[in-house]
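Peer 1: structure of the sequence below:
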Amino acid sequence: GKSSAFSTRKIKAQSKVNPYKDQFKNGATLYPRAFQFVELTQDTPPDWEDRIINIKTSDDIQADAKAPWKGLSFTGKIESNFIFRTALAKSILPFGLFEPDLVTLPITIETSSLNKKEIKVHYAKELLEDGYRDAAKWFQNAENIWDIHKTEKNKKVTFIDCINWQQKLTKQNLDAQYLVLYNSFAKDANATIVERKKLDLEFIVENTTYVLYTNKKIEAYYLTAILNSTTPNLMMKDFQARGLFGARHVHKKILDIYYPKFDEKDS
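Peer 2: I've put the predicted structure just below:
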């Protein structure tokens with residue numbers, strides 16, 4: 001396209017636009033993670049239907065937390081309706097999803113008049129009015145701590161505004177059976193397929209990953225095969241941001257590399 005870079009390699013200019021570039025979307029800003037990323041303080045239930053679950057802030061997110069959120073940890077109970085799965089970039093391996101995280105979110109999933117799933121975001125007071133006392137208490141605490149610690153830059157941003165920034169939460173497609181996920185932060189793209197029906201909970205895409213939704217399993221395989229391959233990852237290297245240890249941050253650079261749209265008639 002219009003991008004340019006200094007390079008020590010001879011590369012042919014590319015003018016075609018990747019047909020998938022606009023179809024991949026960035027996930028929701030589930031931040032600060034101390035509010036959302038949790039682990040159980042009880043045995044895993046046999047199912048997640050209408051249960052009260054004992055939870056606490058996940059220990060795994062503390063290492064990457066930054067001030068003023070570093071060290072914050074919460075314990076409590078929550079209705080199982082508000083527990084979901086997600087995956088940070090570190091859980092996206094080539095062709096594999098490693099231990100997707102548990103997250104709590106103040107959302108309900110409703111069916112529209114077109115028989116499609118829709119995500120609705122709620123303030124704590126709304127959850128209390130609907131009878132979800134434990135969820136209301138958990139998210140009221142999140143709203144209060146957010147208001148105490150948010151920066152001057154975010155003084156007009158509520159906790160709900162933050163997790164649904166640019167509607168990246170409510171615009172997620174919960175009806176597509178297959179999600180092609182790849183990481184936004186790393187030297188190379190790692191991609192995998194999430195098959196919704198194989199998970200125990202609804203899956204929400206997080207901000208450190210990009211997603212394409214499809215109902216065609218073979219198209220999902222086609223895309224992950226390309227994203228995980230050596231050639232496009234090498235081709236984007238000169239165009240990536242660079243740090244002390246070389247290229248970093250994939251973002252949409254991997255989608256600047258052209259390849260054709262999947263055609264099941266083309267063997």
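
Peer 1: any idea how far apart the tips of stretch 180-187 sit?
Peer 2: Distance between the two ends of stretch 180-187: 19 Å, counting by C-alpha to C-alpha, to the nearest Å.

Peer 1: point to the residue nearest the middle of the protein.
Peer 2: Glu206 (1.5 Å; C-alpha atoms, centre = their mean).

Peer 1: how far does stretch 53-72 sit from the chain's center?
Peer 2: Its chain's average C-alpha position is 17 Å from that of stretch 53-72, according to C-alpha atoms, centre = their mean, to the nearest Å.

Peer 1: in this structure, which helix is the longest?
Peer 2: With DSSP state H setting the assignment, residue counts place helix 133-149 as the longest helix in the chain.

Peer 1: CA atoms only: put the next helix or strand after that one into CSV for me.
Peer 2: Toward the C-terminus, helix 133-149 is succeeded by helix 159-163 as the next helix or strand (DSSP states H and E). Written as CSV, here are the backbone C-alpha positions of helix 159-163 (Å, rounded to 0.1, in the frame of the first residue of the first chain):
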residue,chain,number,x,y,z
PHE,A,159,-15.8,1.9,34.2
ILE,A,160,-18.5,0.8,31.7
ASP,A,161,-17.2,3.2,29.0
CYS,A,162,-13.7,1.7,29.5
ILE,A,163,-14.6,-1.9,29.0
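
Peer 1: which stretches in the chain count as helices?
Peer 2: In chain order, the chain shows helices spanning 33-36, 124-129, 133-149, 159-163, 217-227, 230-235, with DSSP H as the criterion.

Peer 1: which residues does the fourth one contact?
Peer 2: This means helix 159-163. Contacts to helix 159-163, defined as C-beta atoms under 8 Å, 6 or more residues apart in numbering, come from residues 28-31, 35-36, 105-106, 121-123, 139, 142-143, 146-147, 154, 169. Any C-beta I mention is one placed from the backbone N, CA and C, and that applies to glycine too.

Peer 1: wait, Thr170 sits on Lys117?
Peer 2: No - because the distance of 11.2 Å does not satisfy C-beta atoms under 8 Å, Thr170 is recorded as not touching Lys117.

Peer 1: ok, how many other residues are close to the residue nearest to Ile218 when sequence neighbours are not counted?
Peer 2: Setting aside the residues directly before and after it, Ile218 is nearest to Glu264 in space (C-beta to C-beta, 6 or more residues apart in numbering), at 6.4 Å. Using other C-beta atoms under 10 Å, the number of residues around Glu264 comes to 9.

Peer 1: now for this structure, the helix or strand with the poorest mean pLDDT.
Peer 2: Each helix and strand of the chain was given a mean pLDDT (mean pLDDT, DSSP states H and E); the minimum falls on strand 246-248 at a mean of 61.

Peer 1: what are the buried residues along stretch 97-111?
Peer 2: Of the residues in stretch 97-111, those scored as buried under the neighbour-count criterion (16 or more other C-beta atoms under 10 Å) are Leu97, Pro100, Asp101, Leu102, Val103, Thr104, Leu105, Pro106, Ile107, Thr108.

Peer 1: scratch that, stretch 251-265 is what I was asking about
Peer 2: Residues of stretch 251-265 classed as buried under the neighbour-count rule (16+ other C-beta under 10 Å) are His251, Lys253, Ile254, Leu255, Asp256, Ile257, Tyr258, Tyr259, Phe262.
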